[in-house]
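>>> Give me coordinates for this.
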Amino acid sequence: MEALRIERDEDVLRVTLSRPGTRNAFDAALVAELADAFVDVGKVRAVVLAGEGASFCAGADIEWMRASAGLSPEENVADATALRRMLEAIDECPAPVISLVQGHALGGGAGLVAVSDIAVAHERAAFAFSEVKLGIIPAVISPFVLRRIGESAARRYFVTGERFDAHTALRVGLVHEVSDDLDGALSRILAELRTAAPRAARAAKRLVLDRPDGPETARRIAERRASPEGQEGLRAFLAGRTPGRPGFASWCPPDTDEERDGPGYA
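As a prediction, this is how the structure comes out:
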């Protein structure tokens, strides 16, 4: 991995775009590496997606765009399909994905924000769906962005390509929080995630993605109620205690086989 830095920090996987000289802009290699990074994240509580340097992600790399001018129609479709598959890999990641957005999040960079489960923007972050400024459109990211900000905001910001600030991104729903302390905001969010049953958190994310209806909703809650986590959570609530084995933080992932056999972990 040359365009990404991937680190495991206890129960958190940190994926950092590490092309600061290009403001972490996409090229074919970065798109491929990002897709691979989200294929198998293991049993982590969360994946933190960030950008190294002054920007989160400034969209497509200028050299990548220049090269696309010489591609055949079939090659252009393949290029765009790779970007779509990368966004889908992040969107469908079983663990919650948290984006920390500083500096610029433009074009496809804003698309990365849209496929995150939780997005926190720095006060000085700037966003844009700037494709029209280059004579193109935000087609590949559009399903994810429309789902996130809705048609009304997309109709304005897609057609103007204008930049907007972090508080506007918060107002339209692209991000969930604006802070001048991204590390502090991340610590608070991770603390909340660690009080949730890990398998239940993943199932809750799947619930949002699948949008089940009718009998399927009843099946899913019945399945969770009967699960070891559901049983342990109910027992802990009724007993007025913290879920999980004594001596461990709430729902803390176990370190030994003996601990894995305890309530809430099977």
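
>>> Point to the residue nearest the middle of this structure.
residue 116 (2.5 Å; CA atoms, centre = their mean).

>>> And the helices in the protein, which stretches?
Ranges of helices within the chain are 28-37, 62-68, 73-91, 108-114, 142-160, 166-172, 182-193, 198-210, 215-226, 228-239, 257-260, based on DSSP state H.

>>> The second one: how far from the chain's middle?
Spelled out, that is helix 62-68. Taking CA atoms, centre = their mean, to the nearest Å, one finds helix 62-68 lying 26 Å from the centre of the chain it belongs to.

>>> what does the first one give?
Once both centres are worked out by CA atoms, centre = their mean, helix 28-37 turns out to sit 15 Å from its chain's centre.

>>> Where does the prediction get shaky in the stretch 101-250 of the chain?
245-250 (pLDDT under 70).

>>> closest to residue 52 out of the helices of the chain?
Of all the helices of the chain, helix 28-37 sits nearest to residue 52, with 12.0 Å by CB to CB. Every residue, glycine included, has its C-beta placed from N, CA and C.

>>> For the closest one, which helices and strands make contact with it?
strand 4-9, strand 12-17, helix 73-91 (3 or more CB pairs under 8 Å, 6 or more residues apart in numbering; DSSP states H and E).

>>> How is this protein partitioned into domains?
4-191, 197-260 (automatic domain parsing).

>>> can you tell me the distance between the two ends of the longest one?
I take that to be domain 4-191. End-to-end distance for domain 4-191, by CA to CA, to the nearest Å: 26 Å.

>>> Skipping adjacent residues, who's closest to residue 102 in space?
Spatial nearest neighbour of residue 102, chain neighbours left out: residue 122 (4.4 Å); criterion: CB to CB, 6 or more residues apart in numbering.

>>> give the contact list for the residue nearest to the centre of the chain.
The contact partners of residue 116, by CB atoms under 8 Å, 6 or more residues apart in numbering, come to 49, 90, 97, 98, 99.

>>> one step back: could the helices and strands packed on helix 28-37 be laid out in TSV, adding distance to residue 106, mean neighbour count and mean pLDDT?
As requested, the helices and strands packed on helix 28-37 are exported to TSV (distance: least, CB to CB, whole Å; neighbours: other CB atoms under 10 Å; pLDDT from 0 to 100):
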stretch	distance to residue 106	mean neighbour count	mean pLDDT
strand 4-9	19	13	94
strand 12-17	13	20	97
helix 73-91	14	15	92
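
>>> Quick check: which of the ones you listed is nearest to residue 163?
Of these, nearest to residue 163 by CB to CB is strand 12-17, at 19.8 Å.

>>> So what touches that closest one?
With CB under 8 Å, 6+ apart as the contact definition, strand 12-17 has outside contacts at 3-8, 24, 30, 34, 37-38, 41-42, 44-52, 56-57, 95, 190.

>>> now it: how far from the chain's centre is it?
The chain centre lies 11 Å from the centre of strand 12-17; the measure is CA atoms, centre = their mean.

>>> And for stretch 90-105?
3 Å.

>>> start the count at 116, not 1, going forward
Understood, numbering begins at 116; the last thing we discussed is stretch 205-220.

>>> ok, and for it, which residues are buried?
205-206, 208-220 (16 or more other CB atoms under 10 Å).

>>> re earlier: among the contacts of residue 231, which are in strands?
164, 212, 213, 214 (DSSP state E).

>>> hang on, the earlier thing: tell me which of the helices of the chain sits most buried.
helix 223-229 (a mean of 27; mean count of other CB atoms under 10 Å).
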